[in-house]
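*Asks:* okay, structure incoming, though there's no sequence with it:
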């Protein structure tokens, strides 16, 4: 798996997990599925950061997103 793809998938999973966590907490349930999802997202982000020499800068993230979308969209 490409480190750019792993970073994009990890960030998307992390963002999509936030409503799930808030929903579970508002219903007074344990956010078990959300916790597992955030661990997977964190693992993907860590894999991407460690896999790319020099890591990523915050100003590079929009370019990474555009490059990944352009690469995998027909």
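*Replies:* Thanks, I have the structure now. Fair warning: this is a prediction, and the values are worked out from it, not measured in the lab.

*Asks:* can you count the residues close to residue 54?
*Replies:* 6 (other C-beta atoms under 10 Å). Every C-beta, even on glycine, is put in place using the N, C-alpha and C of the backbone.

*Asks:* ignore the last one, residue 9
*Replies:* Residue 9: 17 surrounding residues under other C-beta under 10 Å.

*Asks:* what helix or strand does it sit in?
*Replies:* Using DSSP states H and E, residue 9 maps to helix 3-26.

*Asks:* which residues touch the residue located most distally from the centre of the chain?
*Replies:* Farthest-out residue of the chain from its mean C-alpha position, per C-alpha atoms, centre = their mean: residue 28, at 25.6 Å. Applying C-beta atoms under 8 Å, 6 or more residues apart in numbering to residue 28 gives no contacts.

*Asks:* three-state assignment of it?
*Replies:* Secondary structure, DSSP: H, G, I helix; E, B strand; the rest coil: residue 28 is coil.

*Asks:* need the pLDDT of it.
*Replies:* In the prediction, the pLDDT value recorded for residue 28 is 94.

*Asks:* what do you get for residue 21?
*Replies:* 95.

*Asks:* how many neighbours does the closest residue to residue 20 other than its chain neighbours have?
*Replies:* Of all residues not flanking residue 20 in the chain, residue 34 sits nearest, at 4.3 Å (C-beta to C-beta, 6 or more residues apart in numbering). Number of residues near residue 34 (other C-beta under 10 Å) recorded here: 20.

*Asks:* which ones are touching the nearest residue to residue 52 once chain neighbours are set aside?
*Replies:* Of all residues not flanking residue 52 in the chain, residue 3 sits nearest, at 4.5 Å (C-beta to C-beta, 6+ apart). Contacts for residue 3 (C-beta under 8 Å, 6+ apart) come out as 47, 48, 49, 51, 52.
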